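Enquirer: quick one: sequence and predicted model below, then my questions.
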Amino acid sequence: MDKIRIAFVGVGNCASSLMQGIHYYTKDKKDTATGLMYWAVGGYAPHDIEVVAAFDVDARKVGKDVADAIFAEPNCTTVFCKDVPPTGVKVHMGRILDGVSAHMKDYDPRYTYVLADQPVPTKEEVVHVLKASGTEIVLNYLPVGSEEATRFYAECALEAGVGFINCMPVFIASDPKWAARFKEAGIPIIGDDIKSQLGATITHRILADLFEKRGVKLKRTYQLNTGGNTDFLNMLNRTRLASKKTSKTEAVQAVLAKRLDAENIHIGPSDYVPWQKDNKIAFIRMEGSLFGDVPIHLEMRLSVEDSPNSAGVAIDAVRCMKLALERGIGGVIKGPSAYFMKHPPAQYSDDVAWRMMEIFIGAHSKASTNSDQEAIEAVAVQA
């Protein structure tokens, strides 16, 4: 089968984990592979993905082969596949805009950015790189709070005619105006803000849904997260967190029969602990009442390597996007967005979102046309 040609916007820990995964899940691992939701999506295996372009702003990455850049500082995620061969693809200087928070210049360069002293590209230059490289899909891995920069690359994707997977909590797919633009252009988009394979948000959603289905009234809850990667350092600037908190909070509120008042739900990044590196620790507490109005308190602690957890979902989002491109489906891809993202255009329970996504994959594997969209709509209406 053809390769799926992708471009990274941001060559950080998430890009590193995804690229390692492409080479980790080789053909000979088909029968022994663990850690994947799907070995094949529409016939495409993980090793059918190829990185053909990349953008970053760090001097330690710009100009380097992507295979080297994914292991350069300040990246600190687990290296589970050392044997990533040279790609011949050099990391291009990216557009900075609001992609770097001002407070990060005060930290040790091992943990933050060293801005490359190179001219920033124009939109026309970025579009040229995407077209010349044969990019089919752009993955947005910019830092939280990069509102202007995300919109810039979304514009570039539209102009280049390539699919856009918005892994960050800047609302593009879930903004009706942006969604309409992608629909009108016939270009698919999946977004916004990628869930982890088994992370704090999906776990919190499942627990909240469990309370509902077992007749336990949830009265208040919090989710506190700490980590030591660049993203957590970036999020020390609380002014960059508005969309992130909205995204994570709505993901949990969406599965409740009755929304909690704002004062009774707190979900969001809490602090930066350098020695944690890419390990994320989430503390979840839920307080409610069960039979006889007797109180119940649930507390849990989740510790997980953050970026591989994200890559396990991104690798499926990429392959679903490829199917949309093959079938000429433009606009928001509803099933994958609902299942893979924290803040899709419409929220559904996880079992409904999973069914929508399965319909999308199954319909395409049978070489159908847009009929899968109708089936997905039917499931959504029933929900």
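Expert: It's in. As the structure is a computational prediction, the values presented were derived from the model and not from experiment.
Enquirer: OK, contacts around the residue nearest to residue 272 when sequence neighbours are not counted?
Expert: Among residues not flanking residue 272 along the chain, residue 232 sits closest, at 4.4 Å (C-beta to C-beta, 6 or more residues apart in numbering). C-beta here means a position set from N, CA and C on the backbone, and glycine is covered the same way. Listed by C-beta atoms under 8 Å, 6 or more residues apart in numbering, the contact partners of residue 232 are 225-226, 269, 271-273, 276, 280.
Enquirer: what is the lowest-pLDDT residue among the residues you listed?
Expert: Taking pLDDT as the measure, those have their low point at residue 269 (84).
Enquirer: tell me who's in contact with that residue.
Expert: Residues in contact with residue 269, defined by C-beta under 8 Å, 6+ apart, are 225-227, 232, 235, 241, 244.
Enquirer: among those, which ones are in helices?
Expert: Residues of these located in helices (DSSP state H): 232, 244.
Enquirer: one step back: quick check: the residue nearest to residue 272 vs residue 126, distance?
Expert: Distance, residue 232 to residue 126, using C-beta to C-beta, to the nearest Å: 28 Å.
Enquirer: so what touches stretch 10-17?
Expert: 8, 54-56, 58, 61, 66, 69-71, 75-78, 91, 94, 99, 139-143, 167, 229-231, 278, 306-308, 310-311, 314.
Enquirer: please save the CA atoms from that stretch in CSV.
Expert: Extracted as CSV, the C-alpha positions of stretch 10-17 are listed here (Å, rounded to 0.1, in the frame of the first residue of the first chain):
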residue,chain,number,x,y,z
GLY,A,10,6.7,20.8,16.6
VAL,A,11,9.3,18.1,17.0
GLY,A,12,8.9,17.6,20.7
ASN,A,13,8.2,14.5,22.9
CYS,A,14,4.9,13.6,21.2
ALA,A,15,6.5,13.7,17.7
SER,A,16,9.4,11.6,19.1
SER,A,17,7.1,8.9,20.5
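Enquirer: what does residue 171 show for phi and psi?
Expert: Dihedral angles of residue 171 (phi, psi; degrees, to the nearest 10) stand at phi -80, psi 100.
Enquirer: residues touching it, list them.
Expert: With contact taken as C-beta under 8 Å, 6+ apart, residue 171 is in contact with 178, 191-192, 243, 343.
Enquirer: hey, C-alpha coordinates of stretch 246-253 in PDB?
Expert: C-alpha atoms of stretch 246-253 as PDB (Å, rounded to 0.1, in the frame of the first residue of the first chain):
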ATOM      1  CA  THR A 246     -12.000  24.200  29.000                       C
ATOM      2  CA  SER A 247     -11.100  21.100  26.900                       C
ATOM      3  CA  LYS A 248     -10.300  18.800  29.900                       C
ATOM      4  CA  THR A 249     -13.300  20.000  31.900                       C
ATOM      5  CA  GLU A 250     -15.800  19.700  29.100                       C
ATOM      6  CA  ALA A 251     -14.500  16.200  28.400                       C
ATOM      7  CA  VAL A 252     -15.700  15.100  31.900                       C
ATOM      8  CA  GLN A 253     -18.800  17.300  32.100                       C
END
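Enquirer: quick one: residues contacting the nearest residue to residue 295 once chain neighbours are set aside.
Expert: Of all residues not flanking residue 295 in the chain, residue 289 sits nearest, at 5.5 Å (C-beta to C-beta, 6+ apart). Contacts for residue 289 were tallied using C-beta under 8 Å, 6+ apart; they are 216-217, 219, 295-296.
Enquirer: that's a helix at residue 289, yeah?
Expert: No - secondary structure of residue 289 (DSSP: H, G, I helix; E, B strand; the rest coil): strand, not part of a helix.
Enquirer: backbone phi and psi for the residue in the chain sticking out farthest from the centre, please?
Expert: Most distant from the centre of the chain: residue 292, at 41.6 Å, with distances by C-alpha atoms, centre = their mean. The phi and psi torsions at residue 292 (degrees, to the nearest 10) take the values phi 70, psi 10.
Enquirer: same check on residue 87?
Expert: phi -100, psi -20.
Enquirer: and it, how far from residue 64?
Expert: 11 Å.
Enquirer: more neighbours: the two, which one.
Expert: residue 64 (20 against 16; other C-beta atoms under 10 Å).
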